[in-house]
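>>> okay, sequence plus prediction incoming.
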Amino acid sequence: MKNLGLFIIGKLISVFGSAIYTFAIGLYVLKQTGSGFSFALTLFVGLIPTIIFSPVAGYMSDRFDKKKIVVFMDFANGMMFLILFVLTLKFELNQPMIYISTFMTTVFTTFFGIAFEAAKPNLVADEKLMSINSLSKVIDSTALILAPVLGGLIFAFTDIKTFILINAVCFIFSAGIETMIDFNYNIKSTVEINDDGGFVEDIKDGLTYIRKSSEIVKMINVLVILNFFISFSVTVPLPYIINNLLNLSSNQYGIIQGAFPVGMILGAVAVGKIIEKIDYMKLLIFSSITLSVAIALLGLPLVLADASSLAYMIYYISIMVIFGIAISFIDVPILWLMQKSIPDNLRGKVLSISMSIVKLIAPLGLVISGMIINSVPVYIMTFAGGGILMLSNLMILNQKNKPA
């Protein structure tokens, strides 16, 4: 319970600070440039380190002390934002500074996230693993709810420097909390690997394990398809629709964004009980189709008659709640199944390799979306994305149901 409590506090503070910065810096770039491509480029820069450094982070988390990695990365994030804050006192915040800081915080967060995810089975008893994953999703979602709402208010009354300073304080304080967590409470099983090998050999071990596990391969295939179409049809088009086409306010945009983590909280709380009664494959089919429909509906207001800003806000809040529930129904059980089935000394690298494979497709979706968003009606991007996603899901899931 001590570990669980400290985990909740540390992760909540860290994620809250990160969520504020992500919301503020994305809105700042979009408002300053009015360019969907510039906004997409900011997100692209934030994704690249995850893809490049995830395997390295997995290697380090299996070879070195996970606790030291977690604490150091949060502290490094805090110091980086503190330096950025000092720089903004002397110089105007510009796009190169934004891209560099976004890149660096993503590097630190990647190492932090991989080490923490790999350590979860060691923090609590086996029967609490689903609970800590559900709580982790609730923490992420709660931070995302509060950060956009408060971020929108702060953005309206102050400048970007405040966001940067808050982030610095949050990360440093979170690092202090994490020094008190026992990372060796529940040591799990290991498998024989070549400990004399270096980074390349470790990655080969992880890839070999993945290839031999048909269950993990299935999970990766599902997440790759979902990740691409969420990047292409939601991540860039949604804020562009709300801010640039429907001209809703920053506060309304924040509330709409906050509806998504509300849905994730509802889904994370419910999924533990639902998975005990419903076959996961059926839940996956239902959730994937629901996501496809929700994506397609994002562009519907653009082809209908004009409505009030309140009507638009209520519509998008409803869509995002449904979207969040479906995401939790997919993410939480997949992570739980992978964590409990992968041995201790392989968990970091297998999770990191899987994450890299899944996220590798996201920049492609962001770049394509950012390049065509000013040339193609946005509703076509959401309609096409939702429709193709549904067809792809049906094809993949039908293949999964075939006997080996």
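Now that the structure is in, tell me what you want to look at.
>>> Ile327 and Pro261, how far apart?
Counting by C-beta to C-beta, to the nearest Å, the gap from Ile327 to Pro261 is 10 Å. Every C-beta, even on glycine, is put in place using the N, C-alpha and C of the backbone.
>>> the two: which has the busier surroundings?
Pro261 (28 against 24; other C-beta atoms under 10 Å).
>>> what about that one, which helix or strand?
Secondary structure assigned from DSSP states H and E places Pro261 in helix 250-274.
>>> next one: that helix to chain centre, how far?
13 Å (C-alpha atoms, centre = their mean, to the nearest Å).
>>> contact partners of the next helix or strand after it?
On the C-terminal side of helix 250-274, the closest following helix or strand by DSSP H and E is helix 280-297. Residues outside helix 280-297 that contact it (C-beta atoms under 8 Å, 6 or more residues apart in numbering): 222, 226, 229-230, 233-234, 274-275, 319, 322-323, 325-327, 329-330, 333, 382-383, 385-387, 389-390, 393, 397, 400-401.
>>> for helix 280-297, give the mean pLDDT please.
Across helix 280-297, pLDDT averages out at 87.
>>> buried sites along it?
280, 283-285, 287-297 (16 or more other C-beta atoms under 10 Å).
>>> just those residues now: which is nearest Met97?
Proximity of these to Met97 was ranked by C-beta to C-beta; the top entry is Ile295 with 33.2 Å.
>>> mind listing the strands in the stretch 101-250 of the chain by residue range?
Assigned by DSSP state E, counting those that start in this stretch, the stretch 101-250 of the chain shows no strands.
>>> meant to ask about the stretch 301-404 of the chain
So, for the stretch 301-404 of the chain - with DSSP E, counting those that start in this stretch - there are no strands.
>>> follow-up on the earlier one: average pLDDT across the helix holding Pro261?
On average, helix 250-274 scores 84.
>>> now for that helix, which elements pack on it?
Counting contacts by 3 or more C-beta pairs under 8 Å, 6 or more residues apart in numbering; DSSP states H and E, helix 250-274 is packed against helix 2-33, helix 129-157, helix 309-341.
>>> quick one on the thing from earlier: buried subset of the contacts of helix 280-297, written for PyMOL?
Restricted to buried positions by 16+ other C-beta under 10 Å, the PyMOL selection for the contacts of helix 280-297 reads:
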select buried, resi 222+226+229+230+233+234+275+319+322+323+325+326+327+329+330+333+382+383+385+386+387+389+390+393+397
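>>> kindly state the pLDDT recorded for the most centrally placed residue in the chain?
Using C-alpha atoms, centre = their mean, the residue of the chain that lies closest to the mean C-alpha position is Asp140, 8.7 Å off. Looking at Asp140, its pLDDT reads 75.
>>> okay but Phe112 is in contact with Val71, surely?
No - with contact defined as C-beta atoms under 8 Å, Phe112 does not count as touching Val71 (9.1 Å).
>>> which of these two has more neighbours?
A side-by-side neighbour count of Phe112 and Val71, using other C-beta under 10 Å, places Phe112 first with 27 against 22.
>>> which one is the more buried one nearest to, not counting chain neighbours?
Met73 (3.8 Å; C-beta to C-beta, 6 or more residues apart in numbering).
>>> mind listing what that neighbour touches?
108-109, 111-112, 115.
>>> in which helix or strand does it reside?
helix 66-90.
>>> now that helix against helix 2-33, angle please.
In terms of direction (axes from the mean of the first three to the mean of the last three C-alpha atoms, to 10 degrees), helix 66-90 departs from helix 2-33 by 30 degrees.
>>> buried residues, helix 66-90. List them.
In helix 66-90, counting by 16+ other C-beta under 10 Å, buried: 66-67, 69-78, 80-82, 84-85, 88.
>>> and if you look at stretch 373-381?
In stretch 373-381, the ones that count as buried by 16+ other C-beta under 10 Å are 373, 378-379, 381.
>>> of those residues, just say which sits nearest to Asn186.
Of the buried residues of stretch 373-381, the one sitting nearest to Asn186 (C-beta to C-beta) turns out to be Met381, at 45.5 Å.
>>> residues in contact with that closest one?
So, once contact is read as C-beta under 8 Å, 6+ apart, Met381 ends up touching 232-233, 237, 299, 369, 372-373.
>>> now, of the residues you listed, which are buried?
232-233, 237, 299, 369, 372-373.
>>> picking up where we left off before, among the buried residues of stretch 373-381, which are located in helices?
378-379, 381 (DSSP state H).
>>> dump those to JSON lines, plus pLDDT and distance to Asn244.
Shown next, in JSON lines, are those (pLDDT from 0 to 100; distance: C-beta to C-beta, whole Å):
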{"residue": "Val378", "pLDDT": "89", "distance to Asn244": "9"}
{"residue": "Tyr379", "pLDDT": "89", "distance to Asn244": "14"}
{"residue": "Met381", "pLDDT": "91", "distance to Asn244": "14"}
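>>> Ala305: neighbour count?
Ala305: 5 neighbours (other C-beta under 10 Å).
>>> ramachandran angles for it?
phi -70, psi 160 (degrees, to the nearest 10).
>>> let me know the pLDDT of it.
Per-residue pLDDT puts Ala305 at 71.
>>> now stretch 202-219: buried residues?
202-203, 205-206, 209-210, 213, 216, 218-219.
>>> got it, and stretch 237-247?
Buried, per 16+ other C-beta under 10 Å, within stretch 237-247: 237-244, 246.
>>> residues touching that stretch, excluding its own?
Outside stretch 237-247, the residues that reach it (C-beta under 8 Å, 6+ apart) are 26-27, 30-31, 34, 36, 39, 248, 252-253, 256, 298-299, 301-302, 309, 312, 316, 369, 373, 378, 381-382.
>>> quick check: mean pLDDT across it?
87.
>>> please apply the same query to stretch 90-103.
On average, stretch 90-103 scores 82.
>>> how about it: buried residues?
So stretch 90-103, judged by 16+ other C-beta under 10 Å, has buried residues 93, 98-99, 101-102.
>>> all good on my end, thank you.
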